[in-house]
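# give the three-dimensional model of this entry:
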Amino acid sequence: MKSKTMEKRRLGRTGIEVSVLGYGASELGQNRIALKSVGSILESALDAGLNLIDTAACYGNSEELIGRAVGHRRKDFYLLTKCGHGSGLPYADWTPALVEASIDRSLKRLRTDYLDVVQLHSCSEGLLRQGELISALQRGRDKGKLRYLGYSGDGDAALYAVQCGAFDTLQISVSIADQEAIELVLPLARARDVGVIAKRPIANAAWLGESWWSLGSYSRPYRMRLRKLNYDFLRSEPDKAVETALRFTLSVPGVLTAIVGTTKPGRWEHNAALLAAGPLSDSSFEAIRAQWRSVSESDWVGLE
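Numbering: from 1, shown residues only. Next up is the predicted model:
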């Protein structure tokens, strides 16, 4: 898994070197993208240096599409999926039986005999504390079905996931519009060497020109927040604004990789090129943080 054009960072105590920009596959299944287009998107991204693909059992047929499109290139990338709810399997959500069955189904769908990380998908703190779901993941690891345990979520549940010591990776919301984690969770994650993966790192580009009613469930609160935050750089041309937003997320201490999704061939490479300038300057980064501290409201919590 050697880099071609993309910087790599060590994903915490897993020790694996992941591309600083990963591919988030939720849109593939939710938008019913044709297999040929999926192949074009993923093959070109892999050729450009991507080595991290993130999906979930509940992302429509995303897992099947990935398996069919790039299963033959399994050695070229690290594969992450999620489980716990919305599965379509004949088991109750958030039970050990569901977790174990979901892992087996993901292996089949993704056409692989192991998963690099399986993440509990927005599991509540209460369920985490019971320990049964964590034990189900550990059994999968012990059987060689997965290499590392991950948690995907936000807020106090994410904080407990780091505190409990069971998880090797954490996928959490970090962006110009979603900064709760920067103080609540990331310092401890860094101290514990948990590999942090930022989701929605450009806040769904919610400041761009779609009508309010066409925005999704994440984009609407992000747009509302961004109107109040009123960052100067969002008034620049779109690519420059996206570049600043993405570079901000990847400049946050503790963030090792950022997951971006697209259904457009060539778009991942375009986003990757925006990182050529490297991290934001200290002054630019602190200006965004200062604006957040000044404007953010108590209910601006991480969006799971």
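# need the helices for the stretch 51-200 of the chain, in chain order.
62-70, 96-109, 125-130, 132-142, 155-163, 180-184, 186-192 (DSSP state H, counting those that start in this stretch).
# is it possible to get a markdown table of those that adds mean pLDDT?
Formatted as a markdown table, the helices of the stretch 51-200 of the chain follow (pLDDT from 0 to 100):
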| stretch | mean pLDDT |
| --- | --- |
| helix 62-70 | 96 |
| helix 96-109 | 97 |
| helix 125-130 | 98 |
| helix 132-142 | 98 |
| helix 155-163 | 98 |
| helix 180-184 | 98 |
| helix 186-192 | 98 |
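# looking at those helices, which one is packed in the most?
helix 62-70 (a mean of 23; mean count of other CB atoms under 10 Å). Just so you know, the C-beta spots here come from the backbone N, C-alpha and C atoms, and that holds for glycine as well.
# what's the spacing between it and its chain's center?
In terms of CA atoms, centre = their mean, to the nearest Å, the centre of helix 62-70 is found 18 Å from the chain centre.
# go on, stretch 38-56?
14 Å.
# pull the contacting residues for residue 184.
Counting by CB atoms under 8 Å, 6 or more residues apart in numbering, residue 184 touches 155, 156, 158, 159, 302.
# which one among these gets closest to residue 218?
residue 302 (11.0 Å; CB to CB).
# pull the number of nearby residues for that closest one.
Residue 302 has 23 neighbours, counted by other CB atoms under 10 Å.
# doesn't residue 154 make contact with it?
Yes. At 2.9 Å, residue 302 counts as touching residue 154 under the criterion of CB atoms under 8 Å.
# just for this structure, where's the confidence low?
Residue ranges of the chain with pLDDT under 70: 1-5.
# the residue most central in space within it bridge partners, please.
The residue lying closest to the centre of the chain (CA atoms, centre = their mean) is residue 199, at 3.5 Å. Beta bridges link residue 199 to residue 173, residue 259 when assigned by DSSP bridges.
# distance of it from residue 181?
Going from residue 199 to residue 181 by CB to CB, to the nearest Å gives 10 Å.
# now the common contact residues for those two.
172, 173, 174.
# top of those by neighbour count?
Result: residue 172 is most packed of the shared contacts of residue 199 and residue 181 (other CB under 10 Å), 31 neighbours.
# excluding chain neighbours, what is closest to it?
residue 181 (4.9 Å; CB to CB, 6 or more residues apart in numbering).
# so the one you found makes contact with residue 301?
No. Taking CB under 8 Å as the definition, residue 181 is not a contact partner of residue 301, at 9.5 Å.
# now the helices of the stretch 51-200 of the chain in CSV, with distance to residue 280?
Formatted as CSV, the helices of the stretch 51-200 of the chain follow (distance: least, CB to CB, whole Å):
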stretch, distance to residue 280
helix 62-70, 31
helix 96-109, 36
helix 125-130, 32
helix 132-142, 35
helix 155-163, 24
helix 180-184, 14
helix 186-192, 16
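# nearest to residue 297, out of the ones you listed?
Across the helices of the stretch 51-200 of the chain, closest to residue 297 is helix 180-184 (CB to CB), at 11.2 Å.
# chain center to the closest one: distance?
16 Å.
# got it, and stretch 188-196?
Centroid separation for stretch 188-196 versus its chain: 16 Å, with CA atoms, centre = their mean.
# now do that stretch: distance from first to last residue.
With CA to CA, to the nearest Å as the measure, stretch 188-196 spans 11 Å from end to end.
# and the contacts of that stretch?
So stretch 188-196 is contacted by 10-14, 18, 159, 162-163, 165, 167-172, 174, 186, 253-256 (CB under 8 Å, 6+ apart).
# mark which of these are buried, thanks.
Buried members of these, scored by 16 or more other CB atoms under 10 Å, are 11-12, 14, 18, 159, 162, 167-172, 174, 186, 254-256.
# list the buried ones in stretch 284-301?
Applying 16+ other CB under 10 Å to stretch 284-301 flags 285, 287, 288, 289, 291, 292, 296, 300, 301 as buried.
# which two from the residues you listed end up farthest apart in space?
287 and 301 (22.7 Å).
# returning to what we had before: shared neighbours of residue 181 and residue 301, which are they?
By CB under 8 Å, 6+ apart, residue 181 and residue 301 have these common neighbours: residue 154.
# ranges for the strands of this structure?
8-10, 17-19, 21-24, 52-54, 78-83, 115-121, 146-152, 169-173, 195-199, 255-260 (DSSP state E).
# for the ones you listed, which one sits closest to residue 105?
Minimum separation from residue 105 across these (CB to CB) falls at strand 78-83, 8.9 Å.
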